[in-house]
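1. Sequence first, predicted model second:
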Amino acid sequence: MVVEQRGLDPAPAGAVVDPRRRRLLGLVLLVVLLAAAAVLSLVVGARALSPAEVWQGMFGDPGTDQRLTEIALIIHTSRIPRTVLAVVAGLALGIAGALIQGHTRNPIADTGLLGVNAGASFAVVLAVYLFGLGNPLQYMWFAFLGAAASGVVVFGLSSLGRGAGNPLTLALAGQGVTIFLAAMTTAVALQDKASLDVLRFWNAGSVQGVGWNVIAVAAGFVGIGLLLALVNLPTLNLLNLGDDVARGLGVNIVTGRTVGVVAITLLAGAATAACGPIAFLGLMVAHIARWITGPDYRFLVPFAGLLGGIVLLLADIAGRLVVRPAELQAGIVVALLGAPFFAALVWLGKFRQA
């Protein structure tokens, strides 16, 4: 006998939201949030501006109006460049953080693991100490070369011996190079006051006061890194099934990891060279993105990038407000957020395999 049960009919087929559609809607939402944060970045500062004043300052003709001239100067020389740099650097560090966690299969990995931050810091100190460079555009090139050289050395060391290509070997090589370069940086900086002064401010991590010439160079390298990251995403998904499985599916593991490390180096190196090392950002947003999207790197990486841009923008905005009229560097604000986030992950046991 069949008993009819009212209210227990199966849900219509369209009632279940397709995961892919949900993720795409999530990406659109993050783009909207990033745009809103960018607008807020133009409005908030030591001198608060209304949206109408921002619009006038960007597109209006100030003429002989002194107030409008000052607003246009603030917008074009300070707020637009720092907003663009925060988006570019946050996007780069977020994507690099997700990539490095995937390639090392280490849930606590961030861009510092490859020695990128340490290499950039050491190169900046050497540039000031040996050549007396004081222009950010000049020592930015040294910072980028130092970051790239560190990535190459770490990858080369991890490719030697029995553990060649092993994620654990890559992490250990990165940690060893980072410790060595940090010690060398301190040794050089303590010998020269100019180097110490530059390192002290550059190490704080700030998007303030960076010119368009620096931003353009950084954006170019970030663009190349983004292309390599997109190419690397299908391979990264297969690598996270395990090396043996990936090899059985036809993946060239050495080539896949090489492309990934180059992408990470370009992204993190360019961002670090432009605004200094910003700790915890890649680690935080990669975990948040994984919680939202799951382990599929085709969605995880774009989510992490957009979240990185949003978080760095909001950190820069918060830094303008907490010690107003002075400013707190964005890197310090991110570290203040990242340290308890990291501690909470450990305490709650929420680390998931990358």
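-> Looks like it arrived, so ask away.
2. From the contact counts, what lies against the helix or strand containing residue 334?
-> Assigned by DSSP states H and E, residue 334 belongs to helix 330-348. Helix 330-348 is packed against helix 281-293, helix 297-322, with contacts defined by 3 or more CB pairs under 8 Å, 6 or more residues apart in numbering; DSSP states H and E. (Each C-beta comes from the backbone N, C-alpha and C, glycine too.)
3. Could you export the ones you listed as CSV, including distance to residue 117 and mean pLDDT?
-> Converted to CSV, the helices and strands packed on helix 330-348 look like this (distance: least, CB to CB, whole Å; pLDDT from 0 to 100):
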stretch, distance to residue 117, mean pLDDT
helix 281-293, 11, 92
helix 297-322, 15, 95
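4. how about CSV for those helices, with distance to residue 347 added?
-> Output for these, formatted as CSV (distance: least, CB to CB, whole Å):
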stretch, distance to residue 347
helix 281-293, 14
helix 297-322, 21
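5. Measure how the helix holding residue 334 sits relative to helix 297-322, angle-wise.
-> With axes from the mean of the first three to the mean of the last three CA atoms, to 10 degrees as the basis, helix 330-348 and helix 297-322 are set at 120 degrees to each other.
6. residues in contact with helix 330-348?
-> If you take CB atoms under 8 Å, 6 or more residues apart in numbering as the criterion, helix 330-348 is touched by 86, 108, 204-208, 275-281, 283-284, 287, 311-312, 315-316, 318-319, 322, 350-351.
7. mind redoing it with 6 Å?
-> Identification of contacts with helix 330-348 by CB atoms under 6 Å, 6 or more residues apart in numbering yields 204-207, 278-281, 284, 315-316, 318-319, 351.
8. residues in contact with the residue nearest to the spatial centre of the chain?
-> Geometric centre of the chain, nearest residue: residue 93, 1.2 Å, by CA atoms, centre = their mean. By CB under 6 Å, 6+ apart, the contact list for residue 93 reads 271, 281, 282, 308.
9. Please apply the same query to residue 225.
-> Residue 225 makes contact with 263, 266, 267 under the criterion CB under 6 Å, 6+ apart.
10. Can you tell me, leaving aside adjacent residues, what's nearest to it?
-> Leaving out its chain neighbours, the residue that sits closest to residue 225 by CB to CB, 6 or more residues apart in numbering is residue 266, at 3.4 Å.
11. For the helix or strand harbouring that neighbour, which residues meet the burial criterion?
-> Here residue 266, judged by DSSP H and E, is contained in helix 253-275. By neighbour count with 16 or more other CB atoms under 10 Å, helix 253-275 contains the buried residues 253, 256-275.
12. What lies in contact with it?
-> Contact with helix 253-275 is made by 89, 92-93, 95-96, 99-100, 103, 111, 116-117, 120, 140, 143-144, 147-148, 151, 155, 165, 205-207, 214, 218, 221-222, 224-225, 228-229, 232, 235, 239, 243, as judged by CB under 6 Å, 6+ apart.
13. Residue 98 touches residue 285, doesn't it?
-> No: using CB atoms under 6 Å, residue 98 makes no contact with residue 285, being 7.6 Å away.
14. how big is the angle separating whatever helix or strand residue 101 lives in from helix 330-348?
-> Residue 101 belongs to helix 80-104 when assigned by DSSP H and E. Helix 80-104 and helix 330-348 are oriented at 30 degrees to each other (the same axes, to 10 degrees).
15. mind listing what residue 75 touches?
-> 57, 58.
16. now swap in residue 251 and tell me
-> 235, 238.
17. swap the cut-off to 8 Å and go again
-> 235, 238, 239.
18. Show me how to select, in ChimeraX, the buried members of the residues you listed.
-> One line in ChimeraX is enough to select the buried ones among the contacts of residue 251; burial here means 16+ other CB under 10 Å:
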select :235,238,239
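19. Which of the contacts of residue 251 fall within helices?
-> Among those, DSSP state H puts 235, 238, 239 in helices.
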